[in-house]
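Asker: Give me a 3D structure for the following:
(chains A and B)
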Number of protein chains: 2
Amino acid sequence: VKGAVLAVGTELLLGDVINSNAAWLGGRLAAAGVEVVASAAVGDDLQRLVAEIRRHLDEADVLVLSGGLGPTVDDLTRDAVALACQAPLERQPALEDRLRAVFAPYQATMPDAVLRQADVPRGAQVLDNPAGTAPGLWLEQGGKLVIALPGPPHELRAASVTVWPRLARRSGVVVTTRQVLSIGVGESTVASRVEPLLSLPEGVALSYLAGGAVVRVRFTTAGDPAVLEPLVAAVAAELGDAVWGYDADTLDGVVHALLGQAGQTVAVAESLTGGLLGAALSKRPGSSETFRGALVVYATDLKQTLAGVPGPLLEAEGAVSERTAAALAEGARDRLGADWGVGVTGVAGPTEQEGKPVGTVHVAVAGPATTQVRTLQLRGDRERVRALAVTGALDLLRRQLVAEPTVG
Amino acid sequence: VKGAVLAVGTELLLGDVINSNAAWLGGRLAAAGVEVVASAAVGDDLQRLVAEIRRHLDEADVLVLSGGLGPTVDDLTRDAVALACQAPLERQPALEDRLRAVFAPYQATMPDAVLRQADVPRGAQVLDNPAGTAPGLWLEQGGKLVIALPGPPHELRAASVTVWPRLARRSGVVVTTRQVLSIGVGESTVASRVEPLLSLPEGVALSYLAGGAVVRVRFTTAGDPAVLEPLVAAVAAELGDAVWGYDADTLDGVVHALLGQAGQTVAVAESLTGGLLGAALSKRPGSSETFRGALVVYATDLKQTLAGVPGPLLEAEGAVSERTAAALAEGARDRLGADWGVGVTGVAGPTEQEGKPVGTVHVAVAGPATTQVRTLQLRGDRERVRALAVTGALDLLRRQLVAEPTVG
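Answerer: Numbers count the residues shown, from 1 in each chain, chains lettered A, B, ... in the order given. As a prediction, this is how the structure comes out:
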């Protein structure tokens, strides 16, 4: 089964919006056994949109469109699908009623344009959109399948929940992917250590994905998933404690799981990351079980007054130092009443600070038994340094949670 | 001048990497007077890549490729450009010498594959890449222009610095864009309020961009930029205090500018956002001038012990309440020694809390004179509710900074 993704919106061509839907749809299609052979963006231009739909349907069996389903005059996806598939639009009374019900509390008279969202190409099924007003569409015609989804990413996800299992049944292919997730070892080093160990069975693909400080070693097969297990085990054994998880694991999720198993909690005191570490530790539902809170001590005096870093230490070694990171970790642990404290300080840039170059970051973890500090030299702009500092802090916490025996 | 963007890499089709280069290139091309009519991604497949280059050159005058210029066997952009443009590859001794010099410190013998980066289609100019080893290419042929740039975003930027001024001279067009940035009013309401006021001069385009709680009203012209001024003024006057900025402004940047003008500082106490508000207020270089820090009081008891929310208030009204938000704002202002305090509490989901539904968010701003509270009912998943809560808090701070006369 061949697939194509077509994102609709002039804002994508002009670069006002990054087309993240294409990647999300590509991943979902691949997992549903659809080989994505083309991905494109097209502006809000009816003629071009119709031509692109036709062009993609020449080659692909499944075309997924995102965007252009809203109420405004430049939302043309419905019209274009109707024209390209010769399936005239018909207003659906049930959808019209639903739109009126949604708008009733806000507006006495509903603009006619809003009702365009109740128009459905003949023969298409409606995909309910619990996150917004524009429903999605599923239209099968002559062996081809066109799926149109709303453009806002949370609506795209909400309106497509039923799409993926249906597509997987349709393709009849089950693609199994296994990933080993590592940190702290470069992509080419991972490859050179891993490849001599492996003899890949027929039909198994190996690939590497590097991003942030993380390298993912990935095996994919459309055959027997059992053949992947020994490969995953061999990679994990070779990479040792650089391996922090598998498959869809996230570093924050792994940390919460380790804390939860031990019945323990964490708190942080962060400077250059400004709250990003706390945000990462509160991302998951249920994180309040194991994450207590954070002190964002951006101003230097707050490192002393809020987090308890000794004034003489700040004067002697500066706000960006290993000992300050350790004192932040201990202050967070102590003052927020957690089993573990994490401290982060460093230079996010764009200019050096206290004579330390941009990218100098100290992370510390204070646990029931010891305090550990690690110094990172990170490359990149301010945003990247801050993101990598969060990753480095979470990884040190993970290592200490694994290394240090549970106390109490 | 018509342009097209073609991103190369199977990882883009599979959704492993979000194609942010397309947006960046689209923005640069538009600013250089090139109308981007098509954007696509193609896998690492020579035949498809050649076909896509030819297809785009049928319509576009300028084609910009990103990716596929590296040393590995799946880097096929050079070969594809050579085939599509019938410009055979020629190894350039100067590039070869540079590659050997770069690799000499690391490897005694350089793999032959690396030298492929010294191959240049006949007639092409080399675009220096100071951030990596793969140079870019600029090939003019039969009135068409093909530009190939390396895929890693920081290399793409570095290798293309000379491209944009050359393109602007070539197109002879200067495109001017003006944007009015508003918040709290829906896209369709903005359109219905704005459009009756405006008579668009010939050659001026009007568009709307909605994302988060923000609506951007945008005017674009390739003619006299002065005609945009009265349009911008009319929109700003109609939308009143919903307007928070213009053009490339950001909400955090506007808040920092207002604080800086008043010589004032801000601190926050946040719960459901877990640090995201602090992260937003520390995003910009120099934010330490006006942002002091944050208390992330995720656990309920910390709202009392760290931020000073009275225990009886928490018991009577709960952690998610208007008065708790106000107490958080006042606690942040007081305990972190800032002129302004912001408090945020609410239900991020996925489940309700204290009987309050997901998306209930209270934001408060404590200033030198008053404390203001606003209750938001936000729609979306946990990630979106948290992001919109940050936007809502920054907007309330902005409104109070504008409304409340500076004290002392």
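Asker: OK, contacts around the residue of the stretch 301-408 of chain A found nearest chain B?
Answerer: Residue nearest to chain B within the stretch 301-408 of chain A (C-beta to the nearest C-beta): A:L302, separated by 4.7 Å. Where you see a C-beta, it was placed from the backbone N, CA and C, and this is true even at glycine. By C-beta atoms under 8 Å, 6 or more residues apart in numbering or on different chains, A:L302 lies in contact with A:295, B:292-293, B:336.
Asker: and which of those is nearest A:P165?
Answerer: A:P165 has its nearest neighbour among the contacts of A:L302 in A:L295, at 44.7 Å by C-beta to C-beta.
Asker: Phi first, then psi, for the closest one.
Answerer: phi -110, psi 120 (degrees, to the nearest 10).
Asker: Check A:P201 too.
Answerer: Dihedral angles for A:P201 - degrees, to the nearest 10 - are phi -60, psi 160.
Asker: Roughly how far does it sit from A:A236?
Answerer: 18 Å (C-beta to C-beta, to the nearest Å).
Asker: How about the contacts made by A:K144?
Answerer: A:57, A:60-63.
Asker: Secondary structure and pLDDT added to the residues you listed, as JSON lines?
Answerer: Shown next, in JSON lines, are the contacts of A:K144 (DSSP: H, G, I helix; E, B strand; the rest coil; pLDDT from 0 to 100):
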{"residue": "A:L57", "secondary structure": "helix", "pLDDT": "97"}
{"residue": "A:A60", "secondary structure": "coil", "pLDDT": "97"}
{"residue": "A:D61", "secondary structure": "coil", "pLDDT": "97"}
{"residue": "A:V62", "secondary structure": "strand", "pLDDT": "98"}
{"residue": "A:L63", "secondary structure": "strand", "pLDDT": "98"}
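Asker: Turn those into JSON lines, including neighbour count.
Answerer: As requested, the contacts of A:K144 are arranged in JSON lines below (neighbours: other C-beta atoms under 10 Å in any protein chain shown):
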{"residue": "A:L57", "neighbour count": "19"}
{"residue": "A:A60", "neighbour count": "23"}
{"residue": "A:D61", "neighbour count": "17"}
{"residue": "A:V62", "neighbour count": "25"}
{"residue": "A:L63", "neighbour count": "26"}
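Asker: Tell me the one of those nearest A:V1?
Answerer: Using C-beta to C-beta, these come closest to A:V1 at A:D61, 5.1 Å.
Asker: What's the separation between the closest one and A:S199?
Answerer: Distance from A:D61 to A:S199, by C-beta to C-beta: 34 Å.
Asker: Equivalent analysis for A:L29, please.
Answerer: 30 Å.
Asker: Show me which of these two is the more surrounded one.
Answerer: Just comparing A:L29 and A:S199: by other C-beta atoms under 10 Å in any protein chain shown the higher neighbour count belongs to A:L29, 28 against 8.
Asker: For the more buried one, list the residues it contacts.
Answerer: Per C-beta under 8 Å, 6+ apart, neighbours of A:L29: A:3, A:5, A:36, A:62, A:64, A:167, B:15.
Asker: just to confirm, which helix or strand has it in it?
Answerer: helix A:20-31 (DSSP states H and E).
Asker: go on, A:A82?
Answerer: Going by DSSP H and E, A:A82 is in helix A:77-84.
Asker: Heading C-terminal from that helix, find the next helix or strand.
Answerer: strand A:89-91.
Asker: Can you name the residues bridging to A:G136?
Answerer: Counting by DSSP bridges, A:G136 forms beta bridges with A:L127.
Asker: residues near it, how many?
Answerer: 25.
Asker: Equivalent analysis for A:G263, please.
Answerer: A:G263 has 11 nearby residues by other C-beta under 10 Å.
Asker: Let me know the distance separating it from A:V297.
Answerer: 28 Å.
Asker: Also A:S282?
Answerer: From A:S282 to A:V297 the distance is 18 Å (C-beta to C-beta).
Asker: same question, A:A158
Answerer: For A:A158, the distance to A:V297 - C-beta to C-beta - is 38 Å.
Asker: So the two - more neighbours on which side?
Answerer: Higher neighbour count among A:A158 and A:V297: A:V297, with 31 against 20, using other C-beta under 10 Å.
Asker: Skip the chain neighbours and tell me the closest residue to the more buried one.
Answerer: The shortest distance from A:V297 to any non-neighbouring residue, by C-beta to C-beta, 6 or more residues apart in numbering or on different chains, is to A:K303 (4.5 Å).
Asker: can you tell me the helix or strand for the one you found?
Answerer: Judged by DSSP H and E, A:K303 forms part of helix A:300-305.
Asker: Which is the succeeding secondary structure element to that helix?
Answerer: helix A:311-317.
Asker: what does that following helix rub up against?
Answerer: Contacts for helix A:311-317 (C-beta under 8 Å, 6+ apart): A:300, A:303-304, A:321, A:323-324, A:327.
Asker: Derive a ChimeraX selection command for the buried subset of the residues you listed.
Answerer: Buried members of those, defined by 16 or more other C-beta atoms under 10 Å in any protein chain shown, are picked up in ChimeraX with:
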select /A:300,303,304,321,323,324,327
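Asker: Any chance of the contacts of helix A:311-317 in JSON lines with pLDDT and distance to A:P93 as columns?
Answerer: Shown next, in JSON lines, are those (pLDDT from 0 to 100; distance: C-beta to C-beta, whole Å):
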{"residue": "A:T300", "pLDDT": "96", "distance to A:P93": "65"}
{"residue": "A:K303", "pLDDT": "98", "distance to A:P93": "63"}
{"residue": "A:Q304", "pLDDT": "98", "distance to A:P93": "67"}
{"residue": "A:S321", "pLDDT": "97", "distance to A:P93": "69"}
{"residue": "A:R323", "pLDDT": "98", "distance to A:P93": "71"}
{"residue": "A:T324", "pLDDT": "98", "distance to A:P93": "66"}
{"residue": "A:A327", "pLDDT": "98", "distance to A:P93": "67"}
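Asker: before we move on, the earlier item: for the helix holding A:A82, which helices and strands make contact with it?
Answerer: helix A:46-59, strand A:89-91, strand A:119-121, strand A:136-141, strand A:144-149 (3 or more C-beta pairs under 8 Å, 6 or more residues apart in numbering or on different chains; DSSP states H and E).
Asker: try 10 Å this time
Answerer: strand A:2-8, helix A:46-59, strand A:62-66, strand A:89-91, strand A:119-121, strand A:136-141, strand A:144-149 (3 or more C-beta pairs under 10 Å, 6 or more residues apart in numbering or on different chains; DSSP states H and E).
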